[in-house]
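>>> Kindly generate the corresponding structure for this input.
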Amino acid sequence: MTNQVHLRRIDLERLSAGEAVADASHLAHCDACAAAVESIRLEARTFVQRRPAATVLEQVRARRAPWWRRWWPVVAVSLAAGLAFLVFTGAPDEVRFKGTSFAVLVNGVVPLVPGVAVHAGDELSFVVESSRAGHVLVLDVETGRPVHAFVPSGGQRSMAIGAGRTVLPDGVRLDDAAVPEWVALLFCEGAVSLEDLELTAPAGGAAPVIRHEGCRVQVLSITRSVK
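Okay, the predicted model is just below:
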């Protein structure tokens with residue numbers, strides 16, 4: 001009897017998070033892999049139910065321990081649960097960005113996702129994982145204010161990173177701005193500068209649109225608590 005070949009753990013996790021995987025059709029004829037995907041999804045749902053984002057964030061504020069002391073254990077748990085990463089998506093033919101993802105963490109713990117509110121003084125930190133080397137640029141976009149870079153801090157050009165997981169060196173502490181604000185995450189094939197980007201400024205509450213040939217862009221809203 002021939003032993004059946006199963007999908008790698010990383011591919012199972014990506015499938016559980018809704019990512020495209022080359023061998024996704026394998027699930028149709030492999031009960032073991034299909035069951036593994038469902039198990040990972042169940043772990044993620046259980047994690048969210050036990051540790052709601054708002055509750056975790058309040059616990060973090062109460063402790064106010066330096067985010068870097070908790071960084072790696074928390075990221076590992078988040079990745080295992082399939083919660084931390086926001087996956088870049090695009091047209092089917094844009095395979096050169098396949099496998100690239102970002103995480104934005106509030107105080108080193110809570111993924112910045114819709115519904116998570118932040119406060120002045122909270123710290124944002126950034127992790128990128130990619131199957132290939134490239135360039136990254138993390139921008140702060142505020143209504144009525146000039147765009148500037150979170151990463152590299154105060155810079156005008158992107159920074160090069162290698163393949164694999166990279167903790168970006170520059171985090172940011174949020175101010176008490178009252179205007180609508182977004183963080184834009186760019187992963188590009190080559191170096192880019194702020195002046196190279198095509199930017200449609202936010203208007204009427206709509207998110208900004210940022211484009212550049214050879215770049216994948218993800219834009220996230222920074223929602224401050226009304227408390």
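>>> rest of the way, CA atoms for contacts and neighbours
Fine.
>>> Flag the helix or strand of this structure with the lowest per-element mean pLDDT.
Averaged element by element with mean pLDDT, DSSP states H and E, the chain has its least confident helix or strand at strand 86-87 (a mean of 42).
>>> hang on, E13 packs against A35?
No: counting by CA atoms under 8 Å, no contact exists between E13 and A35, whose distance comes to 12.0 Å.
>>> More neighbours: the two, which one.
Using other CA atoms under 10 Å as the criterion, E13 and A35 rank with E13 on top: 21 against 13.
>>> just the strands in the protein please.
With strands called from DSSP state E, the chain shows them at 86-87, 101-106, 110-111, 117-118, 123-130, 134-142, 148-151, 159-161, 164-167, 172-173, 181-188, 198-200, 209-211, 215-224.
>>> Mind checking the pLDDT average for the fourth one?
It refers to strand 117-118. Predicted confidence along strand 117-118 averages 88 (mean pLDDT).
>>> same thing with the longest one?
Along strand 215-224, the predicted local confidence has a mean pLDDT of 88.
>>> okay, the angle between that strand and strand 101-106?
Interaxial angle, strand 215-224 versus strand 101-106 (axes from the mean of the first three to the mean of the last three CA atoms, to 10 degrees): 20 degrees.
>>> repeat for the fifth one
Relative orientation of strand 123-130 versus strand 101-106 (the same axes, to 10 degrees): 170 degrees.
>>> Now do strand 123-130: everything it contacts.
Surrounding strand 123-130, the residues in contact under the criterion CA atoms under 8 Å, 6 or more residues apart in numbering are 99-108, 163-168, 170-174.
>>> Now with 6 Å, please.
The contact list for strand 123-130, computed with CA atoms under 6 Å, 6 or more residues apart in numbering, reads 99-107, 163-168, 171-173.
>>> In PyMOL, how would I select just the buried ones from those?
The buried subset of those, as determined by 16 or more other CA atoms under 10 Å, is captured in PyMOL by this line:
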select buried, resi 99+100+101+102+103+104+105+106+107+168+171+172
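>>> list the buried ones in stretch 124-143?
In stretch 124-143, counting by 16+ other CA under 10 Å, buried: 124-130, 133-143.
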